[in-house]
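In: sequence plus predicted model, see below.
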Amino acid sequence: MRFSRLSSTKSQGGWPSVRGNCRRALSTHAGCTCSYGMPFPLLRQRPVSGARFLSTSLVAHHRPNNTGPFRTMEDKLQSLAFRERLAAAYPWTKAPLIVGAPMRVMSGPELAVAVSRAGGFGFIGPGLTPQATAADLETAAGLIAAATAASGAPQAGPHSSSSALLPVGVGFQLWNGDLGISASAVARYRPAAVWLFAPANGQPDVDRWTTRLREAAPETRIWLQIGTLREALDAVRSASPPDVLVVQGAEAGGHGRASDGIGFITLLPEIADATQGSGIPLVAAGGVVDGRGVAAALGVGAAGVAMGTRFLASREARIKKGYQDEVVRATDGGGNTVRTQLYNHLRGTFGWPEQFSPRTIINRSWVEHQAGTAMEDLKKRHDEAVAKGDAAWGPEGRTATYAGTGVGLIRSVEPAGEIVEGVRSEALGIVRRLSGLSH
Ligand SMILES: Cc1cc2nc3c(=O)[nH]c(=O)nc-3n(C[C@H](O)[C@H](O)[C@H](O)COP(=O)(O)O)c2cc1C
(Lines give C-alpha, C1' and ligand atoms only; values in the text may rest on other atoms or scores of the structure.)
Protein backbone atom coordinates (compact mmCIF):
# COMPACT_ATOMS: atom_id res chain seq x y z
CA MET A 1 0.00 0.00 0.00
CA ARG A 2 1.32 3.39 -0.90
CA PHE A 3 1.48 6.09 1.68
CA SER A 4 -0.77 8.39 -0.30
CA ARG A 5 -3.57 5.88 0.04
CA LEU A 6 -3.17 5.79 3.79
CA SER A 7 -3.28 9.57 3.84
CA SER A 8 -6.40 9.81 1.79
CA THR A 9 -8.30 7.27 3.81
CA LYS A 10 -7.23 8.28 7.29
CA SER A 11 -6.89 12.03 7.53
CA GLN A 12 -6.38 15.16 5.62
CA GLY A 13 -2.97 15.52 7.15
CA GLY A 14 -0.97 12.51 5.98
CA TRP A 15 0.71 10.32 8.60
CA PRO A 16 -1.65 10.34 11.52
CA SER A 17 0.63 11.09 14.42
CA VAL A 18 -0.44 10.37 17.97
CA ARG A 19 -0.13 13.05 20.55
CA GLY A 20 -0.10 13.13 24.25
CA ASN A 21 -3.76 13.85 24.76
CA CYS A 22 -4.68 10.62 22.98
CA ARG A 23 -3.65 8.49 25.91
CA ARG A 24 -5.73 10.51 28.28
CA ALA A 25 -8.64 10.13 25.88
CA LEU A 26 -8.75 6.47 26.78
CA SER A 27 -9.54 7.16 30.34
CA THR A 28 -11.48 10.36 30.50
CA HIS A 29 -12.67 11.82 27.22
CA ALA A 30 -15.74 10.96 25.21
CA GLY A 31 -13.84 11.94 22.11
CA CYS A 32 -11.09 14.28 21.05
CA THR A 33 -9.21 15.54 18.07
CA CYS A 34 -5.81 14.13 17.31
CA SER A 35 -3.03 16.05 15.66
CA TYR A 36 -3.52 17.19 12.08
CA GLY A 37 -7.26 17.37 12.59
CA MET A 38 -7.75 13.64 12.74
CA PRO A 39 -10.92 12.90 14.70
CA PHE A 40 -10.95 10.30 17.43
CA PRO A 41 -13.77 7.82 17.35
CA LEU A 42 -16.43 8.70 19.89
CA LEU A 43 -16.56 6.15 22.65
CA ARG A 44 -19.97 4.79 23.44
CA GLN A 45 -19.21 3.97 27.01
CA ARG A 46 -16.90 5.61 29.45
CA PRO A 47 -13.63 3.95 28.67
CA VAL A 48 -11.22 3.09 31.40
CA SER A 49 -7.52 2.58 31.37
CA GLY A 50 -6.50 -0.66 32.97
CA ALA A 51 -4.22 1.08 35.41
CA ARG A 52 -6.84 3.37 36.82
CA PHE A 53 -9.78 1.00 36.88
CA LEU A 54 -7.96 -1.79 38.57
CA SER A 55 -7.29 0.13 41.70
CA THR A 56 -10.97 -0.10 42.55
CA SER A 57 -12.35 -3.19 40.94
CA LEU A 58 -10.37 -6.06 39.66
CA VAL A 59 -7.91 -6.30 42.48
CA ALA A 60 -10.69 -7.14 44.86
CA HIS A 61 -12.95 -9.12 42.50
CA HIS A 62 -10.85 -10.70 39.84
CA ARG A 63 -13.45 -13.34 39.14
CA PRO A 64 -16.63 -12.03 37.55
CA ASN A 65 -19.69 -12.85 39.60
CA ASN A 66 -21.72 -13.71 36.52
CA THR A 67 -19.64 -16.72 35.51
CA GLY A 68 -20.92 -19.72 33.61
CA PRO A 69 -23.28 -20.07 30.69
CA PHE A 70 -25.50 -17.19 31.79
CA ARG A 71 -23.02 -14.46 30.99
CA THR A 72 -24.35 -11.96 28.50
CA MET A 73 -23.05 -11.87 24.95
CA GLU A 74 -21.56 -8.46 25.68
CA ASP A 75 -19.64 -9.95 28.59
CA LYS A 76 -18.42 -12.86 26.50
CA LEU A 77 -17.46 -10.84 23.49
CA GLN A 78 -15.54 -7.78 24.55
CA SER A 79 -13.85 -7.47 21.16
CA LEU A 80 -15.91 -4.43 20.16
CA ALA A 81 -15.41 -2.48 23.37
CA PHE A 82 -11.70 -3.31 23.29
CA ARG A 83 -11.50 -2.16 19.70
CA GLU A 84 -12.92 1.25 20.58
CA ARG A 85 -10.29 1.74 23.24
CA LEU A 86 -7.48 0.75 20.94
CA ALA A 87 -8.78 2.94 18.13
CA ALA A 88 -8.72 5.89 20.50
CA ALA A 89 -5.17 5.20 21.57
CA TYR A 90 -3.85 4.29 18.11
CA PRO A 91 -5.94 6.29 15.65
CA TRP A 92 -4.03 5.22 12.54
CA THR A 93 -5.07 1.59 13.05
CA LYS A 94 -7.96 -0.08 11.29
CA ALA A 95 -10.19 -2.87 12.54
CA PRO A 96 -9.62 -5.66 13.08
CA LEU A 97 -6.28 -4.76 14.60
CA ILE A 98 -3.31 -6.56 13.06
CA VAL A 99 -0.14 -6.22 15.12
CA GLY A 100 3.35 -7.00 13.87
CA ALA A 101 4.89 -8.71 16.92
CA PRO A 102 8.36 -7.64 18.07
CA MET A 103 10.69 -10.41 16.90
CA ARG A 104 14.24 -10.11 18.11
CA VAL A 105 16.39 -8.62 15.33
CA MET A 106 13.94 -9.76 12.63
CA SER A 107 11.28 -7.09 13.26
CA GLY A 108 13.30 -4.05 12.32
CA PRO A 109 12.12 -0.50 11.71
CA GLU A 110 11.29 -1.14 8.04
CA LEU A 111 8.90 -3.94 8.98
CA ALA A 112 7.32 -2.07 11.89
CA VAL A 113 6.74 1.09 9.86
CA ALA A 114 5.31 -0.88 6.92
CA VAL A 115 2.83 -2.62 9.24
CA SER A 116 1.72 0.66 10.82
CA ARG A 117 1.44 2.39 7.46
CA ALA A 118 -1.02 -0.29 6.38
CA GLY A 119 -3.26 0.45 9.37
CA GLY A 120 -1.74 -2.20 11.61
CA PHE A 121 0.53 -1.67 14.60
CA GLY A 122 4.15 -2.56 13.96
CA PHE A 123 6.57 -3.33 16.79
CA ILE A 124 10.35 -3.26 16.52
CA GLY A 125 11.93 -6.29 18.20
CA PRO A 126 14.80 -6.26 20.67
CA GLY A 127 18.18 -5.91 18.98
CA LEU A 128 21.41 -7.82 19.43
CA THR A 129 22.46 -5.26 22.04
CA PRO A 130 20.38 -2.95 24.26
CA GLN A 131 21.81 0.04 22.35
CA ALA A 132 20.38 -1.27 19.07
CA THR A 133 16.85 -0.23 20.04
CA ALA A 134 17.68 3.49 19.95
CA ALA A 135 19.26 3.08 16.52
CA ASP A 136 16.18 1.23 15.25
CA LEU A 137 13.85 3.88 16.66
CA GLU A 138 15.95 6.58 15.00
CA THR A 139 15.58 4.76 11.68
CA ALA A 140 11.82 4.35 12.23
CA ALA A 141 11.50 8.07 13.02
CA GLY A 142 13.33 8.86 9.79
CA LEU A 143 11.12 6.55 7.72
CA ILE A 144 8.00 8.07 9.24
CA ALA A 145 9.26 11.62 8.73
CA ALA A 146 10.11 10.84 5.10
CA ALA A 147 6.71 9.32 4.47
CA THR A 148 5.02 12.25 6.14
CA ALA A 149 7.05 14.74 4.13
CA ALA A 150 6.24 12.89 0.91
CA SER A 151 2.56 13.22 1.72
CA GLY A 152 2.92 16.96 2.27
CA ALA A 153 1.75 16.73 5.89
CA PRO A 154 3.36 18.39 8.91
CA GLN A 155 6.34 16.49 10.25
CA ALA A 156 5.82 14.04 13.05
CA GLY A 157 8.42 12.36 15.18
CA PRO A 158 10.72 12.93 18.08
CA HIS A 159 12.52 15.85 16.52
CA SER A 160 9.48 17.74 15.36
CA SER A 161 7.17 18.08 18.31
CA SER A 162 7.55 17.82 22.02
CA SER A 163 4.49 15.65 22.42
CA ALA A 164 4.31 13.47 19.29
CA LEU A 165 4.43 9.70 19.70
CA LEU A 166 5.88 7.50 16.99
CA PRO A 167 3.18 5.31 15.43
CA VAL A 168 5.20 2.15 16.09
CA GLY A 169 6.02 0.15 19.21
CA VAL A 170 9.16 -1.47 20.56
CA GLY A 171 9.63 -4.77 22.38
CA PHE A 172 11.88 -5.53 25.32
CA GLN A 173 12.97 -8.89 26.70
CA LEU A 174 13.09 -8.39 30.44
CA TRP A 175 15.30 -11.26 31.62
CA ASN A 176 18.39 -9.91 29.87
CA GLY A 177 17.28 -6.39 28.97
CA ASP A 178 18.87 -3.20 30.22
CA LEU A 179 16.18 -1.08 31.82
CA GLY A 180 18.25 2.11 31.98
CA ILE A 181 19.22 2.02 28.30
CA SER A 182 15.70 0.98 27.27
CA ALA A 183 14.06 3.76 29.29
CA SER A 184 16.32 6.37 27.82
CA ALA A 185 15.53 5.21 24.24
CA VAL A 186 11.80 5.29 25.00
CA ALA A 187 12.07 8.75 26.58
CA ARG A 188 13.90 10.07 23.54
CA TYR A 189 11.84 8.50 20.74
CA ARG A 190 8.47 7.96 22.42
CA PRO A 191 7.04 4.98 20.60
CA ALA A 192 3.26 4.67 20.93
CA ALA A 193 3.73 1.49 22.98
CA VAL A 194 6.33 -0.78 24.50
CA TRP A 195 5.85 -4.55 24.64
CA LEU A 196 7.29 -6.38 27.63
CA PHE A 197 8.02 -10.10 27.67
CA ALA A 198 9.91 -12.80 29.49
CA PRO A 199 10.58 -11.56 33.02
CA ALA A 200 12.91 -13.86 34.97
CA ASN A 201 11.02 -13.29 38.23
CA GLY A 202 7.45 -12.75 37.12
CA GLN A 203 5.33 -9.72 37.92
CA PRO A 204 7.79 -7.90 40.23
CA ASP A 205 10.15 -7.56 37.26
CA VAL A 206 7.30 -6.42 35.04
CA ASP A 207 6.25 -3.83 37.65
CA ARG A 208 9.77 -2.46 37.82
CA TRP A 209 9.99 -2.03 34.05
CA THR A 210 6.46 -0.64 33.79
CA THR A 211 7.03 1.97 36.49
CA ARG A 212 10.34 3.13 35.06
CA LEU A 213 9.10 3.26 31.47
CA ARG A 214 5.98 5.18 32.48
CA GLU A 215 8.20 7.69 34.24
CA ALA A 216 10.37 7.94 31.14
CA ALA A 217 7.50 8.41 28.69
CA PRO A 218 4.12 8.78 30.41
CA GLU A 219 2.15 8.69 27.17
CA THR A 220 3.75 5.53 25.82
CA ARG A 221 1.44 2.65 26.64
CA ILE A 222 2.56 -0.63 28.15
CA TRP A 223 1.74 -3.91 26.44
CA LEU A 224 2.56 -7.13 28.27
CA GLN A 225 2.78 -10.53 26.60
CA ILE A 226 1.72 -13.41 28.85
CA GLY A 227 1.01 -17.09 28.22
CA THR A 228 -0.92 -18.32 31.25
CA LEU A 229 -3.98 -17.35 33.29
CA ARG A 230 -1.74 -16.96 36.34
CA GLU A 231 0.48 -14.40 34.61
CA ALA A 232 -2.59 -12.51 33.39
CA LEU A 233 -4.07 -12.33 36.89
CA ASP A 234 -0.76 -11.29 38.43
CA ALA A 235 -0.56 -8.50 35.87
CA VAL A 236 -4.06 -7.11 36.28
CA ARG A 237 -3.92 -7.33 40.07
CA SER A 238 -0.58 -5.60 40.29
CA ALA A 239 0.01 -2.00 41.29
CA SER A 240 1.19 -1.30 37.74
CA PRO A 241 -1.20 -3.15 35.42
CA PRO A 242 -0.49 -3.03 31.70
CA ASP A 243 -2.56 -1.08 29.19
CA VAL A 244 -2.88 -4.09 26.87
CA LEU A 245 -2.42 -7.82 27.48
CA VAL A 246 -1.11 -9.94 24.62
CA VAL A 247 -2.31 -13.49 25.20
CA GLN A 248 0.25 -15.77 23.61
CA GLY A 249 -0.88 -19.28 22.75
CA ALA A 250 1.35 -22.34 22.51
CA GLU A 251 1.28 -22.20 18.69
CA ALA A 252 3.51 -19.12 18.75
CA GLY A 253 6.91 -19.04 17.13
CA GLY A 254 9.92 -17.92 19.13
CA HIS A 255 9.89 -18.04 22.91
CA GLY A 256 6.77 -18.84 24.87
CA ARG A 257 5.76 -20.92 27.84
CA ALA A 258 8.01 -23.99 27.99
CA SER A 259 5.61 -26.51 29.48
CA ASP A 260 2.35 -24.90 30.60
CA GLY A 261 1.32 -23.14 27.39
CA ILE A 262 -2.01 -23.85 25.73
CA GLY A 263 -3.72 -22.62 22.58
CA PHE A 264 -5.28 -19.17 22.75
CA ILE A 265 -8.64 -20.61 21.72
CA THR A 266 -9.20 -21.64 25.34
CA LEU A 267 -6.65 -19.43 27.10
CA LEU A 268 -7.94 -16.11 25.85
CA PRO A 269 -11.63 -16.51 26.75
CA GLU A 270 -10.72 -17.79 30.20
CA ILE A 271 -8.51 -14.75 30.71
CA ALA A 272 -11.25 -12.52 29.30
CA ASP A 273 -13.71 -13.89 31.86
CA ALA A 274 -11.24 -13.61 34.72
CA THR A 275 -10.23 -10.05 33.86
CA GLN A 276 -13.74 -8.90 32.99
CA GLY A 277 -14.24 -5.33 34.02
CA SER A 278 -10.58 -4.46 34.07
CA GLY A 279 -10.88 -2.53 30.82
CA ILE A 280 -7.61 -4.03 29.62
CA PRO A 281 -7.89 -5.02 25.96
CA LEU A 282 -6.68 -8.49 24.98
CA VAL A 283 -4.74 -9.22 21.81
CA ALA A 284 -4.32 -12.84 20.67
CA ALA A 285 -0.97 -14.20 19.49
CA GLY A 286 0.13 -17.61 18.29
CA GLY A 287 -0.60 -19.39 15.04
CA VAL A 288 -2.48 -16.57 13.31
CA VAL A 289 -1.36 -16.15 9.72
CA ASP A 290 -4.51 -15.37 7.78
CA GLY A 291 -8.04 -14.00 8.09
CA ARG A 292 -9.36 -17.28 9.47
CA GLY A 293 -7.11 -17.02 12.47
CA VAL A 294 -8.13 -13.40 13.01
CA ALA A 295 -11.82 -14.30 12.88
CA ALA A 296 -11.20 -17.08 15.43
CA ALA A 297 -9.41 -14.64 17.75
CA LEU A 298 -12.20 -12.07 17.48
CA GLY A 299 -14.71 -14.84 18.19
CA VAL A 300 -13.12 -15.66 21.52
CA GLY A 301 -13.01 -12.04 22.61
CA ALA A 302 -9.74 -10.57 21.33
CA ALA A 303 -9.49 -6.99 20.12
CA GLY A 304 -7.07 -8.07 17.43
CA VAL A 305 -4.13 -10.33 16.75
CA ALA A 306 -0.36 -10.16 16.89
CA MET A 307 1.45 -12.07 14.14
CA GLY A 308 5.12 -12.93 14.16
CA THR A 309 5.77 -15.91 11.93
CA ARG A 310 3.69 -14.53 9.06
CA PHE A 311 5.89 -11.44 8.95
CA LEU A 312 9.06 -13.54 8.81
CA ALA A 313 7.91 -14.11 5.23
CA SER A 314 7.61 -10.40 4.47
CA ARG A 315 9.90 -8.38 2.25
CA GLU A 316 10.80 -6.01 5.08
CA ALA A 317 11.80 -8.69 7.63
CA ARG A 318 15.45 -8.52 8.73
CA ILE A 319 16.03 -12.17 7.98
CA LYS A 320 18.48 -14.34 6.04
CA LYS A 321 17.21 -15.84 2.81
CA GLY A 322 17.81 -19.43 3.92
CA TYR A 323 15.69 -18.85 7.03
CA GLN A 324 12.91 -17.15 5.11
CA ASP A 325 12.87 -19.87 2.43
CA GLU A 326 12.45 -22.47 5.16
CA VAL A 327 9.49 -20.63 6.70
CA VAL A 328 7.81 -20.66 3.28
CA ARG A 329 8.76 -24.30 2.56
CA ALA A 330 7.81 -25.90 5.88
CA THR A 331 4.42 -27.50 6.39
CA ASP A 332 2.70 -29.36 9.20
CA GLY A 333 3.57 -27.21 12.19
CA GLY A 334 2.55 -30.03 14.53
CA GLY A 335 5.03 -32.47 13.06
CA ASN A 336 7.79 -30.12 12.03
CA THR A 337 8.07 -27.58 14.84
CA VAL A 338 9.01 -28.16 18.46
CA ARG A 339 9.77 -26.16 21.60
CA THR A 340 13.32 -26.79 22.71
CA GLN A 341 16.32 -24.99 24.17
CA LEU A 342 18.60 -27.02 21.91
CA TYR A 343 19.09 -24.31 19.31
CA ASN A 344 19.66 -21.56 21.88
CA HIS A 345 22.46 -23.66 23.30
CA LEU A 346 23.93 -24.50 19.89
CA ARG A 347 24.08 -20.78 19.19
CA GLY A 348 25.69 -20.10 22.52
CA THR A 349 22.67 -18.46 24.13
CA PHE A 350 22.24 -19.50 27.75
CA GLY A 351 20.33 -18.07 30.66
CA TRP A 352 16.75 -18.00 29.43
CA PRO A 353 14.47 -18.48 32.45
CA GLU A 354 13.33 -22.11 32.53
CA GLN A 355 9.65 -21.19 32.16
CA PHE A 356 10.28 -20.14 28.54
CA SER A 357 11.48 -22.04 25.51
CA PRO A 358 11.39 -21.29 21.78
CA ARG A 359 9.37 -22.98 19.04
CA THR A 360 11.49 -23.76 16.00
CA ILE A 361 11.27 -25.68 12.74
CA ILE A 362 13.18 -28.92 13.23
CA ASN A 363 16.22 -29.93 11.17
CA ARG A 364 19.27 -32.22 11.40
CA SER A 365 20.38 -30.89 14.79
CA TRP A 366 17.08 -31.89 16.37
CA VAL A 367 16.95 -35.26 14.61
CA GLU A 368 20.47 -36.14 15.71
CA HIS A 369 19.87 -34.81 19.23
CA GLN A 370 16.87 -37.13 19.47
CA ALA A 371 19.04 -39.98 18.24
CA GLY A 372 21.46 -39.34 21.10
CA THR A 373 24.33 -37.48 19.40
CA ALA A 374 26.54 -35.71 21.94
CA MET A 375 26.10 -31.96 22.32
CA GLU A 376 29.75 -31.39 21.54
CA ASP A 377 29.37 -33.05 18.13
CA LEU A 378 26.11 -31.24 17.43
CA LYS A 379 27.74 -27.93 18.23
CA LYS A 380 30.68 -28.61 15.90
CA ARG A 381 28.38 -29.59 13.03
CA HIS A 382 26.16 -26.58 13.76
CA ASP A 383 29.01 -24.12 13.58
CA GLU A 384 30.28 -25.63 10.33
CA ALA A 385 26.80 -25.35 8.83
CA VAL A 386 26.43 -21.72 9.92
CA ALA A 387 29.70 -20.90 8.18
CA LYS A 388 28.06 -22.01 4.93
CA GLY A 389 25.43 -19.28 5.04
CA ASP A 390 21.93 -19.98 3.78
CA ALA A 391 22.51 -23.75 3.72
CA ALA A 392 22.40 -23.64 7.54
CA TRP A 393 18.59 -23.66 7.26
CA GLY A 394 16.27 -26.22 5.71
CA PRO A 395 15.59 -29.87 6.56
CA GLU A 396 19.26 -30.70 6.18
CA GLY A 397 20.34 -27.53 7.93
CA ARG A 398 21.41 -27.26 11.54
CA THR A 399 20.66 -23.85 12.99
CA ALA A 400 17.71 -22.20 14.75
CA THR A 401 14.67 -21.53 12.60
CA TYR A 402 12.33 -20.01 15.16
CA ALA A 403 8.79 -20.05 13.79
CA GLY A 404 5.29 -20.99 14.87
CA THR A 405 2.89 -23.79 14.04
CA GLY A 406 1.35 -21.64 11.32
CA VAL A 407 4.22 -22.22 8.89
CA GLY A 408 2.14 -24.61 6.80
CA LEU A 409 -0.21 -21.75 5.92
CA ILE A 410 2.55 -19.46 4.64
CA ARG A 411 3.30 -19.95 0.97
CA SER A 412 4.99 -16.80 -0.25
CA VAL A 413 6.97 -13.73 0.73
CA GLU A 414 4.90 -10.55 0.41
CA PRO A 415 5.31 -6.89 1.30
CA ALA A 416 4.24 -6.45 4.92
CA GLY A 417 1.62 -3.85 4.03
CA GLU A 418 -0.04 -6.27 1.64
CA ILE A 419 -0.03 -8.95 4.31
CA VAL A 420 -1.76 -6.62 6.76
CA GLU A 421 -4.36 -5.50 4.24
CA GLY A 422 -4.96 -9.01 2.90
CA VAL A 423 -5.37 -10.61 6.33
CA ARG A 424 -7.60 -7.80 7.56
CA SER A 425 -9.81 -7.89 4.51
CA GLU A 426 -10.10 -11.69 4.62
CA ALA A 427 -11.08 -11.53 8.29
CA LEU A 428 -13.77 -8.95 7.59
CA GLY A 429 -15.06 -11.08 4.71
CA ILE A 430 -15.31 -14.11 7.01
CA VAL A 431 -17.14 -12.16 9.69
CA ARG A 432 -19.62 -10.87 7.11
CA ARG A 433 -20.19 -14.30 5.60
CA LEU A 434 -20.66 -15.88 8.99
CA SER A 435 -23.51 -13.53 9.69
CA GLY A 436 -25.32 -15.56 7.02
CA LEU A 437 -25.48 -18.43 9.51
CA SER A 438 -28.38 -16.69 11.20
CA HIS A 439 -30.62 -16.77 8.11
C1 LIG B 1 11.53 -15.43 15.19
C2 LIG B 1 10.71 -14.92 16.34
C3 LIG B 1 11.30 -14.09 17.28
C4 LIG B 1 10.53 -13.60 18.35
N5 LIG B 1 11.10 -12.74 19.24
C6 LIG B 1 10.35 -12.20 20.22
C7 LIG B 1 10.89 -11.21 21.08
O8 LIG B 1 12.06 -10.83 20.97
N9 LIG B 1 10.09 -10.66 22.03
C10 LIG B 1 8.78 -11.06 22.16
O11 LIG B 1 8.08 -10.52 23.02
N12 LIG B 1 8.25 -12.00 21.38
C13 LIG B 1 8.99 -12.57 20.40
N14 LIG B 1 8.44 -13.51 19.58
C15 LIG B 1 7.06 -13.97 19.83
C16 LIG B 1 6.06 -13.02 19.27
O17 LIG B 1 5.94 -11.91 20.13
C18 LIG B 1 4.65 -13.62 19.13
O19 LIG B 1 4.19 -14.08 20.37
C20 LIG B 1 4.58 -14.77 18.17
O21 LIG B 1 5.33 -14.51 17.01
C22 LIG B 1 3.14 -15.03 17.78
O23 LIG B 1 3.00 -16.28 17.20
P24 LIG B 1 3.23 -16.55 15.64
O25 LIG B 1 4.69 -16.56 15.47
O26 LIG B 1 2.60 -17.89 15.44
O27 LIG B 1 2.55 -15.46 14.88
C28 LIG B 1 9.18 -13.99 18.50
C29 LIG B 1 8.60 -14.83 17.53
C30 LIG B 1 9.35 -15.28 16.46
C31 LIG B 1 8.69 -16.14 15.43
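Out: Perfect, thanks for sending it. Numbers count the residues shown, from 1 in each chain.
In: pull up the per-residue confidence for the residue most central in space within the chain.
Out: Nearest to the mean C-alpha position of the chain, by CA atoms, centre = their mean, lies residue 101 at 3.2 Å. Looking at residue 101, its pLDDT is 99.
In: tally of neighbours for the closest residue to it other than its chain neighbours?
Out: Leaving aside its sequence neighbours, residue 101 sits nearest to residue 308 (CB to CB, 6 or more residues apart in numbering; 3.9 Å). (C-beta placed from N, C-alpha, C; glycine too.) Applying other CB atoms under 10 Å, we find 27 residues neighbouring residue 308.
In: now swap in residue 434 and tell me
Out: For residue 434, the neighbour count with other CB under 10 Å is 11.
In: give me phi/psi at residue 90?
Out: The phi and psi torsions at residue 90 (degrees, to the nearest 10) take the values phi -130, psi 80.
In: how about the strands in the stretch 51-200 of the chain?
Out: Assigned by DSSP state E, counting those that start in this stretch, the stretch 51-200 of the chain shows strands spanning 97-100, 121-124, 164-173, 191-197.
In: figure out which of those is closest to the ligand.
Out: Smallest distance to the ligand across the strands of the stretch 51-200 of the chain (CB to the nearest ligand atom): 3.2 Å, for strand 191-197.
In: okay, now the sheet partners of the closest one, with direction.
Out: Its sheet considered, strand 191-197 pairs with strand 164-173 (parallel), strand 221-226 (parallel) by DSSP bridges.
In: rebuild those strands as CSV, extending it with mean pLDDT, distance to the ligand and mean neighbour count.
Out: CSV is the format used below for those (pLDDT from 0 to 100; distance: least, CB to the nearest ligand atom, whole Å; neighbours: other CB atoms under 10 Å):
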stretch, mean pLDDT, distance to the ligand, mean neighbour count
strand 164-173, 97, 5, 26
strand 221-226, 98, 5, 26
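In: among the ones you listed, which is nearest residue 200?
Out: Minimum separation from residue 200 across those (CB to CB) falls at strand 164-173, 10.1 Å.
In: for residue 49, give me the pLDDT.
Out: In this model, residue 49 carries a pLDDT of 40.
In: now the stretch 301-439 of the chain against the ligand: closest residue?
Out: For the stretch 301-439 of the chain, CB to the nearest ligand atom, closest residue to the ligand: residue 308, 2.0 Å.
In: stretch 191-204: which residues count as buried?
Out: Residues of stretch 191-204 classed as buried by neighbour count (16 or more other CB atoms under 10 Å): 191-199, 202-203.
In: how about stretch 398-414?
Out: Residues 398-407, 409-410, 413-414 are the ones in stretch 398-414 that count as buried (16+ other CB under 10 Å).
In: any residue of it touching the ligand?
Out: Yes: counting by CB under 6 Å from any ligand atom, the ligand has neighbours in stretch 398-414: 402-404, 406.
In: farthest-separated two in the residues you listed?
Out: 402 and 406 (12.8 Å).
In: now the helices for the stretch 151-300 of the chain?
Out: With DSSP state H, counting those that start in this stretch as the criterion, the stretch 151-300 of the chain has helices at 179-189, 203-216, 229-237, 264-274, 291-299.
In: export those helices as a markdown table, with columns for distance to the ligand and mean pLDDT.
Out: Shown next, in a markdown table, are the helices of the stretch 151-300 of the chain (distance: least, CB to the nearest ligand atom, whole Å; pLDDT from 0 to 100):
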| stretch | distance to the ligand | mean pLDDT |
| --- | --- | --- |
| helix 179-189 | 13 | 98 |
| helix 203-216 | 12 | 98 |
| helix 229-237 | 13 | 98 |
| helix 264-274 | 9 | 97 |
| helix 291-299 | 9 | 97 |
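In: dump those helices into a markdown table; add distance to residue 334 as well.
Out: Output for the helices of the stretch 151-300 of the chain, formatted as a markdown table (distance: least, CB to CB, whole Å):
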| stretch | distance to residue 334 |
| --- | --- |
| helix 179-189 | 36 |
| helix 203-216 | 31 |
| helix 229-237 | 24 |
| helix 264-274 | 15 |
| helix 291-299 | 15 |
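In: residues of the chain that sit close to the ligand?
Out: 101-104, 106, 125-126, 171, 173, 195, 197, 225, 248, 251-254, 285-288, 306-310, 402-404, 406.
In: residue 388: neighbour count?
Out: With other CB under 10 Å as criterion, residue 388 counts 11.
In: and the pLDDT at it?
Out: At residue 388, the model reports a pLDDT of 95.
In: got it, and residue 341?
Out: Note for residue 341: predicted pLDDT of 98.
In: now do it against residue 360, distance only.
Out: The spacing between residue 341 and residue 360, counted by CB to CB, to the nearest Å, is 10 Å.
In: cool, residue 103 as well?
Out: Using CB to CB, one obtains 13 Å as the distance from residue 103 to residue 360.
In: go on, residue 239?
Out: For residue 239, the distance to residue 360 equals 36 Å [CB to CB].
In: over to residue 375?
Out: When CB to CB is applied, the distance between residue 375 and residue 360 equals 16 Å.
In: who has more neighbours out of the two?
Out: Per other CB under 10 Å, whichever of residue 375 and residue 360 has more neighbours is residue 360, with 24 against 12.
In: the more buried one belongs to a strand?
Out: Yes: using DSSP: H, G, I helix; E, B strand; the rest coil, the assignment for residue 360 is a strand.
In: contact partners for it?
Out: 253, 337-340, 343, 366, 400-403 (CB atoms under 8 Å, 6 or more residues apart in numbering).
In: same list (the residues you listed) but as CSV, adding secondary structure.
Out: As requested, the contacts of residue 360 are arranged in CSV below (three-state DSSP):
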residue, secondary structure
253, coil
337, strand
338, strand
339, strand
340, coil
343, helix
366, helix
400, coil
401, coil
402, strand
403, coil
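In: tell me which two of these sit farthest apart.
Out: Farthest apart among the contacts of residue 360 - using CB to CB - are 253 and 366, which lie 15.2 Å from each other.
In: between the two, which one's more packed in?
Out: More crowded of residue 253 and residue 366, by other CB under 10 Å: residue 253, with 29 against 20.
In: and the more buried one, what pLDDT?
Out: pLDDT, residue 253: 98.
In: surely it and residue 310 touch.
Out: No: the criterion here is CB atoms under 8 Å, and residue 253 misses it with residue 310 at 9.4 Å.
In: now list whatever residues contact both of the two.
Out: residue 406.
In: so where's the stretch 1-150 of the chain uncertain?
Out: The model of the stretch 1-150 of the chain has pLDDT under 70 over residues 1-71.
In: residues contacting the residue nearest to residue 101?
Out: 100-101, 103, 107, 252-254, 285, 404.
In: having no further points to raise, I will conclude here.
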